[in-house]
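>>> Just a sequence and a predicted model for now, questions to come.
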Amino acid sequence: DAGITQSPRHKVTETGTPVTLRCHQTENHRYMYWYRQDPGHGLRLIHYSYGVKDTDKGEVSDGYSVSRSKTEDFLLTLESATSSQTSVYFCAISESPGGVTNEKLFFGSGTQLSVL
Amino acid sequence: DQQVKKNSPSLSVQEGRISILNCDYTNSMFDYFLWYKKYPAEGPTFLISISSIKDKNEDGRFTVFLNKSAKHLSLHIVPSQPGDSAVYFCAASQGGSEKLVFGKGMKLTVNP
């Protein structure tokens, strides 16, 4: 299994509070991604990173920010959590993603976030 | 804009029979397609992929078919086993893109 650790695994927070989710990898892969999974929507890309300090938006980036100061860590921050951000969040890594050399993504185990 | 669409939300089959999961896509620029499997409380895991230069790729019990003219992707599992019960996601990307676009997920139940 790819070395991907997400923390925390579960979190309950209140509306309006800041929340940071962490993804840590030991594979030294260049690309890192944050997805959210919701019923009826599947997996949707929030943000991704293609190198240290290099990030870009996905399809559902509003309300989220990311940072990557080291190859192994990719942080997802909800500046002011809302109930619509209650979801399961998955981190994924790739050496070089599908569109480039047909490599696949490896996923972490997920973080269940509940915003009350 | 849902570029990758699943055809049905769930499927139930008997152990030993064939499971067929389908996806349609709208972006004709997609050239690489994947299937992922997800068990409850776990992250998705890669199952099988296919490049647009092929129309079929087989790996053991799993075969992926690609019909480019119909923009249709399917996954066949033969024979189906109870351990195949999971949510399956199809995904696609286009050349030069760093992103995968996922479908909504289909729940497969294989009954013993």
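Cool, got the structure.
>>> Kindly state the beta-bridge partners for residue 106.
Chain wasn't specified; assuming chain A. Going by DSSP bridges, residue A:106 is paired in beta bridges with residue A:93.
>>> Not quite, go with chain B.
Assigned bridge partners for residue B:106, using DSSP bridges, are residue B:88.
>>> which ones are touching it?
Going by C-beta atoms under 8 Å, 6 or more residues apart in numbering or on different chains, residue B:106 touches B:6-11, B:21, B:87-89. Just so you know, the C-beta spots here come from the backbone N, C-alpha and C atoms, and that holds for glycine as well.
>>> go on, residue B:101?
A:45, B:3-4, B:27, B:30, B:91-93.
>>> which stretches of chain A form strands?
A:4-7, A:10-13, A:19-25, A:31-38, A:42-51, A:54-57, A:64-70, A:73-78, A:87-94, A:106-107, A:111-115 (DSSP state E).
>>> JSON lines for those, including distance to residue B:98?
Conversion of the strands of chain A to JSON lines gives the following (distance: least, C-beta to C-beta, whole Å):
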{"stretch": "strand A:4-7", "distance to residue B:98": "18"}
{"stretch": "strand A:10-13", "distance to residue B:98": "28"}
{"stretch": "strand A:19-25", "distance to residue B:98": "16"}
{"stretch": "strand A:31-38", "distance to residue B:98": "6"}
{"stretch": "strand A:42-51", "distance to residue B:98": "6"}
{"stretch": "strand A:54-57", "distance to residue B:98": "8"}
{"stretch": "strand A:64-70", "distance to residue B:98": "14"}
{"stretch": "strand A:73-78", "distance to residue B:98": "14"}
{"stretch": "strand A:87-94", "distance to residue B:98": "8"}
{"stretch": "strand A:106-107", "distance to residue B:98": "15"}
{"stretch": "strand A:111-115", "distance to residue B:98": "23"}
